[in-house]
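Student: sequence first, then the predicted structure, then my questions.
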Amino acid sequence: MRNLVVLLAWAFVGVAPQAQVPEYPPVAEVREAFLKQLDRPKIAPDPVIIDTKVEGGLVTEHFTIATEKKKSGKIERMPILLLRPQKPGWKHPAVVVLHGTGGNKESQAGWLRQLAKNGIIGIAIDARYHGERAEGEKGSARYVQAITEAWKADVQEMEHPFYYDTVWDLWRLADYLGSRADIDPNRLGMIGFSMGGIQTWLAASVDERWKCAVPAIGVQSFKWSLDHEKWQGRAKTIGAAHDAAAKDLGEPEVNQKVCRTLWSKVIPGILESFDCPSMLRLFAGRALLIPNGDQDPNCPIEGARIAFASAEAAFKAAGCPEKLKIMVAEGVGHKVTEEQNAAALDWLVKWLKN
């Protein structure tokens, strides 16, 4: 069995020279800038119920909410699965579970059941261009196509399907959850895996309504990966978009220049103030669990250690180091171990229910 090493972020300081944290703008400036970057007119959630089932003392709701009115006039609707205990008249904590690239809300059904059995309302969504939003395509095909379209579009007209548009949806989801009679708006949590892990630290960092977060196998440094030629794992997740960018840029193959140019356009700021080491500082004061693998090609551990050290410094300065926990699985690539999954559930229960 692989050894699971549980580390507080301070363990990396002084033992990993590569974990030196860059200087970032103050957190208030970063928060304001990120909110401004993604800002667009808000619309009413207008929930539409598709189906409701009751089984084994649990209620499953399948519905959509409106999150955005696009320039074309189309209303963007986010499909949601919600699993709650069948106990009326009680405000429960709630946790949103985010899938990875090519996944869908149904893939998180096991997590929803575990949460509901622990008295926590479990919620899963389809990210932009995934699941019911994939327009008939399977897996990540429509998502990658949408990112390619964004790359080719005028900056003023483009969408931001690579993380940012789903982050906007998650902020609007928090609005909706706070309006429900069965949810305690002061006990909201978020956990995400891979792409969902990245969306977790992007969305929950700046939005303090999320009191507990678990960005699983998503913590890294985009800038470190690019600067040290370790971008390949991240690029492969949306390979066709990188191939298209390489062709448009006149490059014979995907390289550092292609990644830098593509990322700077479709996820602006991700190589600067919106990189993970900067954004994790915004969690200080709230509960944050970070599960990673030390052999993950998508989240190179050297870059992740910069994020760990940044988080540790912020939590220490805030006087709450006990609210930060980092778990690094030795010899593990881009996957979450059983031990990490169990710890994540315990973490959510500890900080949202107990």
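Tutor: Yep, it's here.

Student: tell me the strands beside the host helix or strand of residue 325, with direction?
Tutor: Assessed by DSSP states H and E, residue 325 sits inside strand 324-329. Strand 324-329 pairs in its sheet with strand 4-7 (antiparallel), strand 287-293 (parallel), by DSSP bridges.

Student: quick one: average pLDDT of the last one?
Tutor: Translated: strand 287-293. Mean pLDDT, strand 287-293: 99.

Student: packing partners for the next helix or strand after it?
Tutor: Per DSSP H and E, the first helix or strand lying C-terminal to strand 287-293 is helix 301-317. If you count contacts as 3 or more C-beta pairs under 8 Å, 6 or more residues apart in numbering; DSSP states H and E, helix 301-317 packs onto helix 222-227, helix 276-279, strand 287-293, strand 324-329. Just so you know, the C-beta spots here come from the backbone N, C-alpha and C atoms, and that holds for glycine as well.

Student: helix 301-317 to strand 324-329, inter-axis angle?
Tutor: Between helix 301-317 and strand 324-329, the angle comes out at 160 degrees (axes from the mean of the first three to the mean of the last three C-alpha atoms, to 10 degrees).

Student: give me the neighbour count for the residue nearest to residue 40 when sequence neighbours are not counted.
Tutor: Among residues not flanking residue 40 along the chain, residue 68 sits closest, at 6.2 Å (C-beta to C-beta, 6 or more residues apart in numbering). Residues lying near residue 68 (other C-beta atoms under 10 Å) number 20.

Student: residue contacts, residue 68?
Tutor: Contact analysis of residue 68 by C-beta atoms under 8 Å, 6 or more residues apart in numbering lists 40-41, 43, 75-76, 165, 168-169, 172.

Student: tell me which element it is part of?
Tutor: Residue 68 belongs to strand 58-69 when assigned by DSSP H and E.

Student: give me the buried positions along that strand.
Tutor: Buried residues in strand 58-69, counted by 16 or more other C-beta atoms under 10 Å: 58-68.

Student: just the mean pLDDT for the strand holding residue 325, thanks.
Tutor: In this model, strand 324-329 has an average pLDDT of 98.

Student: I'd like the next helix or strand past it.
Tutor: Once strand 324-329 ends, the next helix or strand along the chain (criterion: DSSP H and E) is helix 338-352.

Student: off-centre distance for that next one?
Tutor: 17 Å (C-alpha atoms, centre = their mean, to the nearest Å).

Student: same check on stretch 89-99?
Tutor: On C-alpha atoms, centre = their mean, the centre of stretch 89-99 falls 16 Å from the chain's centre.

Student: put the alpha carbons of that stretch into CSV.
Tutor: In CSV, the C-alpha atoms belonging to stretch 89-99 read as follows (Å, rounded to 0.1, in the frame of the first residue of the first chain):
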residue,chain,number,x,y,z
GLY,A,89,-38.3,21.8,9.0
TRP,A,90,-34.5,21.6,9.4
LYS,A,91,-31.7,23.8,7.9
HIS,A,92,-28.9,21.6,6.8
PRO,A,93,-25.3,22.3,5.7
ALA,A,94,-24.8,21.8,2.0
VAL,A,95,-21.8,20.8,-0.1
VAL,A,96,-21.3,21.2,-3.8
VAL,A,97,-19.3,18.4,-5.5
LEU,A,98,-17.6,19.3,-8.8
HIS,A,99,-16.6,16.8,-11.5
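
Student: avg pLDDT for that stretch?
Tutor: pLDDT averaged over stretch 89-99 gives 95.

Student: returning to what we had before: of the helices and strands packed on helix 301-317, which is nearest residue 300?
Tutor: Residue 300 sits nearest to helix 222-227 of all the helices and strands packed on helix 301-317, at 5.6 Å, using C-beta to C-beta.

Student: run through who's touching that closest one.
Tutor: Residues outside helix 222-227 that contact it (C-beta under 8 Å, 6+ apart) are 22, 230-231, 233-234, 256, 259-260, 263, 270-272, 275-276, 300, 302-303, 306.

Student: and the buried ones among the residues you listed, selectable in ChimeraX?
Tutor: With 16+ other C-beta under 10 Å as the criterion, this ChimeraX line picks the buried residues out of the contacts of helix 222-227:
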select :230,231,233,234,259,260,263,270,271,272,275,276,300,302,303,306
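
Student: JSON lines for the helices and strands packed on helix 301-317, including distance to residue 123?
Tutor: Listed next are those as JSON lines, based on distance: least, C-beta to C-beta, whole Å:
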{"stretch": "helix 222-227", "distance to residue 123": "27"}
{"stretch": "helix 276-279", "distance to residue 123": "22"}
{"stretch": "strand 287-293", "distance to residue 123": "18"}
{"stretch": "strand 324-329", "distance to residue 123": "23"}
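
Student: cheers, nothing more for now.
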